[in-house]
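Chemist: Generate coordinates for the sequence data below:
(chains A and B)
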2 protein chains.
Amino acid sequence: MKLTILGCHSATPRTNTNPTSQVLEIKNHMFLIDCGEGTQVELRRNKVKFSRIKHIFISHLHGDHYFGLVGLISTFQLLTRETELHIYAPKGLKEVITLQMKLSNSWTKYLLIFHELTSKKSELIYEDDKVEVYTIPLDHRIYTNGFLFKEKENERKLDINAVLNANINKAYFRKLKQGSDVENENGIIIKNNTVTKDPIPAKSYAFCSDTVYNEAVIPIIKNSTVLYHESTFLDKNEALCKPTKHSTAKHAATIAKKANIETLILGHYSTRYDGYDAFKFEAQTIFENVLLSKDGKSFEF
Amino acid sequence: MKLTILGCHSATPRTNTNPTSQVLEIKNHMFLIDCGEGTQVELRRNKVKFSRIKHIFISHLHGDHYFGLVGLISTFQLLTRETELHIYAPKGLKEVITLQMKLSNSWTKYLLIFHELTSKKSELIYEDDKVEVYTIPLDHRIYTNGFLFKEKENERKLDINAVLNANINKAYFRKLKQGSDVENENGIIIKNNTVTKDPIPAKSYAFCSDTVYNEAVIPIIKNSTVLYHESTFLDKNEALCKPTKHSTAKHAATIAKKANIETLILGHYSTRYDGYDAFKFEAQTIFENVLLSKDGKSFEF
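Modeler: Numbers count the residues shown, from 1 in each chain, chains lettered A, B, ... in the order given. All right, here's what the predicted structure looks like:
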């Protein structure tokens, strides 16, 4: 699982800071999460192949999370994309994009499929044989979802020497990987755990931006491998959280601790601060394993 | 008169090329012309003060000419702008921007005034005591206008020694600057041209992007100081002009020659070409005084 930060700042793009956008590589997918202005340039800069992006997840309709989307859709069209593109976003985005296409009299030749979100409960919005994606309802000034990307349980690994010694027919290997006991060539039942090893643990990534401190997310993201949680403010500006519905680094750390997360990544920093070490420092007073997102930085888990 | 090119490429933003946007400084105005994605970052990079931009002119509603506008409007709001902002653009843009504001539940506290354009004839769309702005109807795939920025005639300059020698009362100086003959303290009529000098010639800037070769613009832009004319293609790709409704460098040069322009600036280059010298070379086979626009380059006239 590899996460690349294309932009991690709040509010407005500047010469050296980009608004929210990330690419999550998981089980051969390239999921684009949020798409602030300039995202297509950051994708190029980080050498992400446009054709690998088939699913885009938009958390909410504040500009710093989606103003780059219409340009990306247009660029895909100019590059004569044929692969279909799925967009998961709050209701309303389809109307904006469609209106802009109508005014420019240019429609995509590839299939553009909007999955409009309206539910205030966590729901499964994407699933295949390897991955599931759920919404994480957040509490922000407008309707907002985070997203939980979960690998499905990996198959058990065959202990190939044990399997051969046990005289098991190849036809049963699939069943073994799925965890079943099987009968060997001599008609004897072989216990699964005597010939297989535990699978690589399934990983999960929870993306939570933007939100005020909200314990309702904890049961949804519980035990995730990685949590990205917005930390717009430092503790000294906590008073700004309530009116703007944003969080501090300590809020993010508290959620990470209560949800038993392995690794917390901070981001969506307000541009009022000069450096970002203070975010890490404050978060680590509550939760140890903290990383700072930075435009152009990749994390592997 | 100073022109700064924020972006001069066609189609899509890339790591080192920006779509169309320019700032024209004329008679203390900062006119923003077109606003492709990334324009606000380029404004910062070129140290253009946001507060000085009070009028934005959008040629047409293809994304590479306006996808940066909604972000700029939002940023002005985040920076607590109070000055009103006028936007001159094809009908439809107001609906897009208003819809995006509605969805984000954030309205500007400054006055945002749309001047929606629908006429297919050249019309005066802005005027004050120093400057006039006219539309230049262009021939593109969708409704498109260029813009002609014209300084009004400057006042005549007083030849201060001659004025003193002629014994003219200070009260008549304004009339002299406006070109009138006046009576001196001795009751004698003083001919204006004996005590004043010719004014600095009024300058004008014609912006023509995007358009197929179109001689109908010639009477509108006749004798302009500077013409920016798109040159998407080189001669070898002229066959692409008709279906895409774009021009070659030679087309631009022919318009410049026929309209008796002083200086031609080329731009809106297709990204299919490696360098841009060939554009200048081809244009100069028809018209001598050719400059190449380049992102971040300024021209003073």
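Chemist: quick one: A:Cys280 is in a helix?
Modeler: Careful, residue A:280 is Lys; it's not Cys. Yes: assignment of A:Lys280 by DSSP: H, G, I helix; E, B strand; the rest coil places it within a helix.
Chemist: What residues does the stretch 101-250 of chain A have near chain B?
Modeler: Within the stretch 101-250 of chain A, the residues that sit near chain B (Cβ under 8 Å from any Cβ of the partner chain) are A:103-106, A:141-142. For every residue, glycine as well, the C-beta is placed using N, CA and C.
Chemist: Tell me which of those fall in helices.
Modeler: A:103-104 (DSSP state H).
Chemist: Can I get the residues of the stretch 101-250 of chain A next to chain B in JSON lines including pLDDT, neighbour count and distance to B:Asn28?
Modeler: Compiled in JSON lines, those are given as follows (pLDDT from 0 to 100; neighbours: other Cβ atoms under 10 Å in any protein chain shown; distance: Cβ to Cβ, whole Å):
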{"residue": "A:Leu103", "pLDDT": "96", "neighbour count": "21", "distance to B:Asn28": "33"}
{"residue": "A:Ser104", "pLDDT": "95", "neighbour count": "21", "distance to B:Asn28": "34"}
{"residue": "A:Asn105", "pLDDT": "93", "neighbour count": "11", "distance to B:Asn28": "38"}
{"residue": "A:Ser106", "pLDDT": "89", "neighbour count": "17", "distance to B:Asn28": "38"}
{"residue": "A:Arg141", "pLDDT": "97", "neighbour count": "16", "distance to B:Asn28": "39"}
{"residue": "A:Ile142", "pLDDT": "97", "neighbour count": "15", "distance to B:Asn28": "40"}
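Chemist: Need the max-distance pair from the residues of the stretch 101-250 of chain A next to chain B.
Modeler: A:Asn105 and A:Arg141 (34.4 Å; Cβ to Cβ).
Chemist: Not counting sequence-adjacent ones, nearest residue to A:Thr211?
Modeler: A:Leu138 (3.7 Å; Cβ to Cβ, 6 or more residues apart in numbering or on different chains).
Chemist: OK, contacts around that neighbour?
Modeler: A:Leu138 makes contact with A:59-60, A:144-146, A:208-211, A:214, A:217, according to Cβ atoms under 8 Å, 6 or more residues apart in numbering or on different chains.
Chemist: Could you chop chain A up by domain?
Modeler: Per the record, chain A has its domains at A:2-154+A:200-300, A:157-192, by automatic domain parsing.
Chemist: Which of those domains has the highest mean neighbour count?
Modeler: Per residue and on average, the most neighbours among the domains of chain A fall to domain A:2-154+A:200-300, with a mean of 19 (mean count of other Cβ atoms under 10 Å in any protein chain shown).
Chemist: So what's the gap between that one and the chain middle?
Modeler: In terms of Cα atoms, centre = their mean, to the nearest Å, the centre of domain A:2-154+A:200-300 is found 6 Å from the chain centre.
Chemist: Between the two ends of that domain, how far is it?
Modeler: Using Cα to Cα, to the nearest Å, the end-to-end distance of domain A:2-154+A:200-300 comes to 4 Å.
Chemist: same thing with stretch A:193-210?
Modeler: OK, stretch A:193-210 end separation, Cα to Cα: 44 Å.
Chemist: Please work out the average pLDDT along that stretch.
Modeler: The average pLDDT for stretch A:193-210 rounds to 95.
Chemist: same question, stretch A:62-71
Modeler: Averaged over stretch A:62-71, pLDDT sits at 97.
Chemist: got the contact list for that stretch?
Modeler: Residues from elsewhere that reach stretch A:62-71, judged by Cβ under 8 Å, 6+ apart: A:10-13, A:19-21, A:34-40, A:56, A:58-60, A:87, A:89, A:93, A:96-97, A:100, A:141-142, A:209-210, B:12-13, B:37, B:63, B:67, B:70-71, B:74, B:100, B:104, B:106.
Chemist: Specify which member of the residues of the stretch 101-250 of chain A next to chain B is nearest to A:Arg44.
Modeler: Nearest member of those to A:Arg44, counting by Cβ to Cβ, is A:Ser106, at 21.2 Å.
Chemist: from memory that closest one sits against A:Ser74, does it?
Modeler: Yes: using Cβ atoms under 8 Å, A:Ser106 makes contact with A:Ser74 at a distance of 7.2 Å.
Chemist: Spell out the secondary structure type for the closest residue to A:Trp107 other than its chain neighbours.
Modeler: Using Cβ to Cβ, 6+ apart and skipping the chain neighbours, the partner closest in space to A:Trp107 is A:Met101 (5.6 Å). The three-state label given to A:Met101 by three-state DSSP is helix.
Chemist: In contact with the residue in the stretch 151-300 of chain A positioned nearest to chain B, which residues?
Modeler: Using Cβ to the nearest Cβ, the closest approach of the stretch 151-300 of chain A to chain B is made by A:Thr271 at 9.6 Å. Counting by Cβ under 8 Å, 6+ apart, A:Thr271 makes contact with A:9-12, A:14, A:17.
Chemist: now, which of these lie close to chain B?
Modeler: Contacts with chain B are made by A:11-12, A:14 out of those, judged by Cβ under 8 Å from any Cβ.
Chemist: Report the lowest-confidence entry in these.
Modeler: Across the set of these, A:Ala11 stands lowest in pLDDT, at 80.
Chemist: tell me the phi and psi of it?
Modeler: Torsion angles at A:Ala11 (phi, psi; degrees, to the nearest 10) stand at phi 70, psi -80.
Chemist: Next: A:Tyr88.
Modeler: phi -110, psi 110.
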